[in-house]
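Q: okay, predicted coordinates and the sequence, questions at the end:
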Amino acid sequence: MITEQALRKARILAFWEKYGLSATREAFKAKRRTLFDWKRKLKQGCGKIEALNSKSQAPIIKRKRLRDVRIIEELKNLREKHPNLGADKIHPLLLDFCGAAGLLKHPSSSTIERRISRYYIRDILSPWIP
């Protein structure tokens, strides 16, 4: 499927070949490097305009949240025992737990807040069920 964006790029490339770089830059505000990139994509796509369609710009390797399950379980246990404790007051208790468990990294209070909301540890008495 040819998008409007791909057609626009093809028109700009045709204009560039006919009138040159300076006219193209003035008319379309397209830089020289961009024009060569589009030309390369068109050549790699065997001259098909579909090759000029925009691709996904999402990163190929996405960051993964690394978390220790033992910390999450301890956080759940602490919230069951003390349901009204906030992240700032749970933080020293988790520091003690991490020291006893031999964990080198321990979460900060802001990380604890995010984990409380992310893992639905807010309402222990009435948990969220997916």
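A: Here it is on my side, so go on. Numbers count the residues shown, from 1 in each chain.
Q: for A10, what are its contacts?
A: Going by C-beta atoms under 8 Å, 6 or more residues apart in numbering, A10 touches L42, I49, L52. C-beta here means a position set from N, CA and C on the backbone, and glycine is covered the same way.
Q: that one and C98, how far apart?
A: Going from A10 to C98 by C-beta to C-beta, to the nearest Å gives 59 Å.
Q: likewise for K55?
A: Using C-beta to C-beta, K55 is found at 43 Å from C98.
Q: ranges for the helices of the chain?
A: Secondary structure of the chain (DSSP state H): helices at 4-19, 21-28, 32-44, 69-81, 87-101, 109-118.
Q: just the buried members of the contacts of A10?
A: Neighbour-count burial (16 or more other C-beta atoms under 10 Å) applied to the contacts of A10 gives L42, L52.
Q: can you tell me which of the contacts of A10 comes closest to A30?
A: Closest approach between the contacts of A10 and A30, by C-beta to C-beta: L52, at 12.6 Å.
Q: give the contact list for A6.
A: Contacts of A6 were listed using C-beta under 8 Å, 6+ apart, and they are I49, E50, A51, L52, N53, S54.
Q: give me that answer again for 10 Å
A: Each residue near A6 by C-beta atoms under 10 Å, 6 or more residues apart in numbering is listed here: W38, K41, L42, G45, K48, I49, E50, A51, L52, N53, S54.
Q: report pLDDT for the fourth one.
A: I take that to be G45. pLDDT, G45: 93.
Q: cool, and the last one?
A: S54 is assigned 91 on the pLDDT scale.
Q: how far away is it from R8?
A: 11 Å.
Q: who's more crowded, these two?
A: In terms of neighbours (other C-beta atoms under 10 Å), R8 is the more surrounded of S54 and R8; the figures are 13 against 9.
Q: hmm, the more buried one is touching N53, no?
A: No - the criterion here is C-beta atoms under 10 Å, and R8 misses it with N53 at 11.2 Å.
Q: how near is D68 to C98?
A: D68 sits 9 Å away from C98, taking C-beta to C-beta as the criterion.
Q: higher neighbour count, those two?
A: Legend: neighbour count by other C-beta under 10 Å for D68 and C98, higher for C98 (18 against 14).
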